[in-house]
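A.B. asks: Quick check, what structure comes out for this input:
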Amino acid sequence: MDVDTGLLRALVVLADDPHFGRAATRLGLTQQALSKRIRRLEGELGVLLVDRGDRRRIRLTAAGQDALPAAREVLAAVERLDPARGRAGRLRVDVMGTDLAPTAWVRRADRAHGLPLDVVHRPVETTAEHLVRSGGADLAFGRCGAVPSPWPAGVRRRPVLLEPLAVLVPEDHRWARFDQLPLRRLAGQRLWFPMAAAPLEWRGYASELCAVAGIDLDTTGSTFGFQQWAEDVTTGVCAPSLIGEAMRLPDPRMRTVPVVDPTPVFPWSLLWRADLPAGTVSAVLAGMGFTAPAPRPGPGVWVPAADRAFLDADRATPGDER
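C.D. replies: Residues are numbered from 1 along each chain as shown. Down below sits the predicted model:
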């Protein structure tokens, strides 16, 4: 089977932004052209990939969800084989996921400062370190604690943000009236976060957090995209879930309650190829709004032990590159 990568990219972008109009705009296509690409891909694979029953709410079918990881892997492999991207003078930045905080940081650097950055998306089983080391991206956001020891010589790192976590709840949930929710209150509570297509670094983080806090995390099912996941949680269709406070909610009426005592944070770091000029990396970091490394986590903050060790070491060592 010889599948056009343009068809695979159409599926990936539609999964990341489940709206034909917005997805078509991102791809530089008309909605009709995007729909034709999806139908061509369905014809190639012999399965229905998109449920078109409700035009306002696009969902991937089970077959579409199954095909998505492979589509991402193929596109990442093609980008690694494309030498023209390097000659174009643009940097490829992996953001872990379209709806996560790094997407806004890259957009700020691109639009406000005109930096030549292209967003790429890693396969869900690939870490930031592996993507940079294998040539799939020039820079990538991720967790240093997910990198096996010893640290690879060809990769540099800098912590940029400790993103606090919150609980996403319906408006009428008993937790919705709280300004904060102590982590101990989550012990024995059932939360929901599907892990089928979740990034590897998040899965490891969530697993360790839930083990420490005694959270009963249901990881089954599918999100059907960020907006649908948030809507299912906040309308009470599914149990409350975890969300990073730096993420932009699709609806301002959605309610999040910060978790405290201690505050679990996701330790974002930027990783990059060791051969990138220091001035280039500094310009990218400044364009994203990171003029100083992330602070050292205090006693009221929870991070996995492996990440805390990196953060402590990076704060104790002068300079940005490690």
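A.B. asks: R157: what's it in contact with?
C.D. replies: Taking Cβ atoms under 8 Å, 6 or more residues apart in numbering, we find R157 in contact with C144, W151, S269, L270, L271, W272, F310, D314, R322. C-beta coordinates here come from the backbone N, C-alpha and C atoms, glycine included.
A.B. asks: Tell me which two of those sit farthest apart.
C.D. replies: Pairwise distances across those peak at 15.4 Å for W272 and F310 (criterion: Cβ to Cβ).
A.B. asks: First residue to last residue on stretch 214-230, what's the distance there?
C.D. replies: Between the opening and closing residues of stretch 214-230 lies a distance of 23 Å (Cα to Cα, to the nearest Å).
A.B. asks: Tell me the gap between it and the middle of its chain.
C.D. replies: From the chain centre to the centre of stretch 214-230 is a distance of 14 Å (Cα atoms, centre = their mean, to the nearest Å).
A.B. asks: And the average pLDDT for it is what?
C.D. replies: Computed over stretch 214-230, the mean pLDDT rounds to 88.
A.B. asks: Name the residues of that stretch that are buried.
C.D. replies: Buried residues in stretch 214-230, counted by 16 or more other Cβ atoms under 10 Å: I215, L217, S222, T223, F224, G225, F226, Q227, Q228, W229, A230.
A.B. asks: for the residues you listed, which one is nearest R108?
C.D. replies: After measuring the buried residues of stretch 214-230 against R108 - Cβ to Cβ - the closest member comes out as F226, at 19.3 Å.
A.B. asks: quick one: which helix or strand includes the closest residue to that closest one other than its chain neighbours?
C.D. replies: What sits nearest to F226 in space, not counting adjacent residues and going by Cβ to Cβ, 6 or more residues apart in numbering, is D99, at 3.8 Å. In this structure, D99 sits in neither a helix nor a strand according to DSSP states H and E.
A.B. asks: Please tell me how far D99 sits from H173.
C.D. replies: As defined by Cβ to Cβ, to the nearest Å, D99 lies at a distance of 22 Å from H173.
A.B. asks: Would you mind telling me which of the two has the busier surroundings?
C.D. replies: D99 (21 against 18; other Cβ atoms under 10 Å).
A.B. asks: Surely that one is in contact with P18?
C.D. replies: No: between D99 and P18 there is no contact under Cβ atoms under 8 Å: 10.8 Å.
A.B. asks: Can you tell me the SS state at F310?
C.D. replies: helix (DSSP: H, G, I helix; E, B strand; the rest coil).
A.B. asks: Can you name the next helix or strand after the helix or strand of the chain at the bottom of the mean pLDDT ranking?
C.D. replies: One helix or strand of the chain scores below all others by mean pLDDT, DSSP states H and E: helix 84-87, with a mean of 42. Helices and strands here follow DSSP H and E; after helix 84-87, the next one along the chain is strand 91-94.
A.B. asks: Isn't R37 up against L7?
C.D. replies: Yes: taking Cβ under 8 Å as the definition, R37 is a contact partner of L7 at 5.2 Å.
A.B. asks: Restrict stretch 203-210 to CA atoms and write it as PDB.
C.D. replies: What follows is stretch 203-210, C-alpha atoms only, in PDB (Å, rounded to 0.1, in the frame of the first residue of the first chain):
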ATOM      1  CA  ARG A 203       1.700   8.900  31.100                       C
ATOM      2  CA  GLY A 204       4.800   8.300  33.300                       C
ATOM      3  CA  TYR A 205       4.200  11.500  35.200                       C
ATOM      4  CA  ALA A 206       0.500  10.800  35.800                       C
ATOM      5  CA  SER A 207       1.200   7.200  36.900                       C
ATOM      6  CA  GLU A 208       3.700   8.400  39.500                       C
ATOM      7  CA  LEU A 209       1.500  11.200  40.800                       C
ATOM      8  CA  CYS A 210      -1.600   8.900  41.200                       C
END
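A.B. asks: Show me the chain divided up by domain.
C.D. replies: According to automatic domain parsing, the chain comprises the domains 5-80, 85-161+267-316, 164-264.
A.B. asks: Distance from the chain centre to the first one, please.
C.D. replies: In this view, domain 5-80 has its centroid 18 Å away from the chain centroid, taken as Cα atoms, centre = their mean.
A.B. asks: shaky segments in the chain?
C.D. replies: Filtered on pLDDT under 70, the chain yields the residue ranges 1-3, 26, 28, 54-57, 76-89, 315-322.
A.B. asks: where exactly do the helices run in it?
C.D. replies: Taking DSSP state H as the test, the helices found in the chain are 5-16, 20-27, 31-45, 62-80, 84-87, 101-111, 128-134, 200-213, 226-234, 278-288, 305-316.
A.B. asks: Any idea which of those gets closest to P295?
C.D. replies: That would be, of those and by Cβ to Cβ, helix 305-316, which comes in at 7.8 Å.
A.B. asks: May I see the buried residues of that closest one?
C.D. replies: Residues of helix 305-316 classed as buried under the neighbour-count rule (16+ other Cβ under 10 Å) are A306, D307, R308, F310, L311, D314.
A.B. asks: quick one, phi/psi of the residue nearest the centre of the chain?
C.D. replies: By Cα atoms, centre = their mean, the mean C-alpha position of the chain lies nearest to G97, the distance being 2.7 Å. G97 has phi and psi values of phi -160, psi 140 when expressed as degrees, to the nearest 10.
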